[in-house]
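Visitor: okay, sequence plus prediction incoming.
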Amino acid sequence: MARLFGTDGVRGVANEEITPLLAMQLGQAGAYVLTKETNHKPTIMVGCDTRISGDMLANALMAGACSVGANVVYVGVIPTPAIAYLTKKYKVDAGVVISASHNPVEFNGIKFFNGDGYKLSDELEDEIEELINRNMAGVKFPTGNGVGKIKYRNDAREEYINHAVQSVPVDLSGLKIVLDCAEGAAFYTSVEAIKDLGAQVVAIHNNPDGTNINANCGSTHMEELMGRVVYEKADIGLAFDGDADRMLAVDENGKIVDGDQIMAIIGNYMKSQGKLKQDTIVATVMSNLGFYLMAKEKDIQIEQTKVGDRYVLERMKEIDASLGGEQSGHIIFLEENTTGDGLLSALHLLQVMVETKKPLSELASIMKVMPQALVNAKVANHKKDCYMDYPEIANAIEALEKKFAGEGRVLIRPSGTEPKVRVMIEGKDQKIIEEEAKKLAELIQNTMF
């Protein structure tokens, strides 16, 4: 049986894989496991992104939490990093976000934070899953005044905005910024925060209707933003994903600046200010080869982890690093929040532009991006970890690794959140690596169908 939790909580098609029943069970088991050591009536904070299934799943989850005696504070539509921050600030026992991040509207997900605002360890997730599999055996369900209740708050997003602008108090007067809010949770918080700091804001995809989240917009579909920045003669474009925990940028010429480049820009600036702890950035195996070459040149250490911002965070905590993240735009500023935070990433990047008085295109030239091809192979979710069990796939991967040895690399990995195997190849020739990546992805898809 496949593990219920992936690299970013539980995720699947809403009302098919992520059902109200499962949400209720996760509410029960999660509330019980995360609060069983407390000697008080526990409180859990819950928020969601803008997708239409959010209300259905949030209410089911909250009912489950109340049924095991936990109180719930529901803060409505809010970015994932806001839940992480507010969970810690208000010293509640746990936080939950109903979101499927960058995925299309039909998907949704449930992810937990502990009382310190951190995503759960594998061990705690396994404990929650085991309790669900045992049908909550051994758990006492209270009656009477032992049942939990729900409190609704409307001011949480303002508190998150205040935290962000106080963390990075930069004057953005004179800057024209295009914001792509992905019809998601950033539609209010990011727009208001950047306006509050004095920028002229052109907001696009900031009218969520429950069905348009991530639809040809946001950090996974940046074509419109690229064109709009040039059309508006803006200084920069910023793209968020559905739950606003990641951010990618577009320079004044309409060129994408990815998470590696953003970490390079901010990391070098932090080092110059004496604020890059250990002179180290934590990144994943997916980071571009050019990022590592940049770090060597600038005398910055790179700590490498497997893919997933949770693994970046674990390593950051282990070595006391202040900056880490992923090429996809999940960037963690550990002294300001406990998870990837799109708004904080945006403000830090804008701060470097303001302080150095340099355009983003010049700042981004700090690293040369090596050609990289990423192609997804669609496979059944329960099969995606078994691709090396197929000899024809294993042999093809081995042949590619020999071909690109010394002048590139091949990285194959199952997605932690989707029914896909990702094929990534780096090399000198974009056309060749794209052809080889596509060929291998087709082989994986056809073989494992």
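Guide: Looks like it arrived, so ask away.
Visitor: and stretch 222-230, average pLDDT?
Guide: Computed over stretch 222-230, the mean pLDDT rounds to 98.
Visitor: again with stretch 385-396
Guide: 91.
Visitor: can you check stretch 58-78 too?
Guide: In this model, stretch 58-78 has a mean pLDDT of 97.
Visitor: how about stretch 272-285?
Guide: The model assigns stretch 272-285 a mean pLDDT of 96.
Visitor: state the distance from I432 to L179.
Guide: 37 Å (C-beta to C-beta, to the nearest Å). Quick note: C-beta positions are derived from backbone N, CA and C, even for glycine.
Visitor: more neighbours, those two?
Guide: Taking other C-beta atoms under 10 Å, I432 and L179 do not tie; L179 has more neighbours (27 against 16).
Visitor: what's the next secondary structure element after whichever helix or strand the more buried one is part of?
Guide: Here L179 is covered by strand 176-180, with elements defined by DSSP states H and E. Note on strand 176-180: by DSSP H and E, the next helix or strand toward the C-terminus is helix 186-196.
Visitor: these two touch, right, A84 and N114?
Guide: No - A84 lies out of contact with N114 (C-beta atoms under 8 Å); the separation is 9.8 Å.
Visitor: higher neighbour count, the two?
Guide: The neighbour count for A84 versus N114, taken as other C-beta under 10 Å, is higher for A84 (27 against 18).
Visitor: next structured bit after the host helix or strand of the more buried one?
Guide: Secondary structure assigned from DSSP H and E places A84 in helix 80-89. Later in the chain than helix 80-89, the nearest helix or strand by DSSP H and E is strand 94-98.
Visitor: how near is A244 to L363?
Guide: Distance, A244 to L363, by C-beta to C-beta: 23 Å.
Visitor: so which of those two has more stuff around it?
Guide: Taking other C-beta under 10 Å, A244 and L363 do not tie; A244 has more neighbours (33 against 22).
Visitor: that one: what secondary structure?
Guide: Under DSSP: H, G, I helix; E, B strand; the rest coil, the three-state class of A244 is coil.
Visitor: ok, now how distant is it from I319?
Guide: Computed with C-beta to C-beta, the distance linking A244 and I319 is 27 Å.
Visitor: can you show me the CA trace of the helix or strand bottoming out on mean pLDDT in the chain as CSV?
Guide: Least confident element among the helices and strands of the chain, by mean pLDDT, DSSP states H and E: strand 409-414 (a mean of 88). What follows is strand 409-414, C-alpha atoms only, in CSV (Å, rounded to 0.1, in the frame of the first residue of the first chain):
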residue,chain,number,x,y,z
ARG,A,409,24.3,15.1,-15.4
VAL,A,410,21.2,13.0,-15.4
LEU,A,411,18.7,13.0,-12.5
ILE,A,412,15.6,10.8,-12.4
ARG,A,413,13.2,11.0,-9.5
PRO,A,414,9.5,10.3,-8.7
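Visitor: gap between the two ends of stretch 235-245?
Guide: Terminal residues of stretch 235-245 are spaced 22 Å apart (C-alpha to C-alpha, to the nearest Å).
Visitor: what ranges do the helices span in this structure?
Guide: For the chain, applying DSSP state H gives helices covering 20-35, 54-67, 80-89, 122-133, 156-167, 186-196, 223-232, 259-272, 289-297, 309-319, 342-356, 360-364, 391-404, 430-448.
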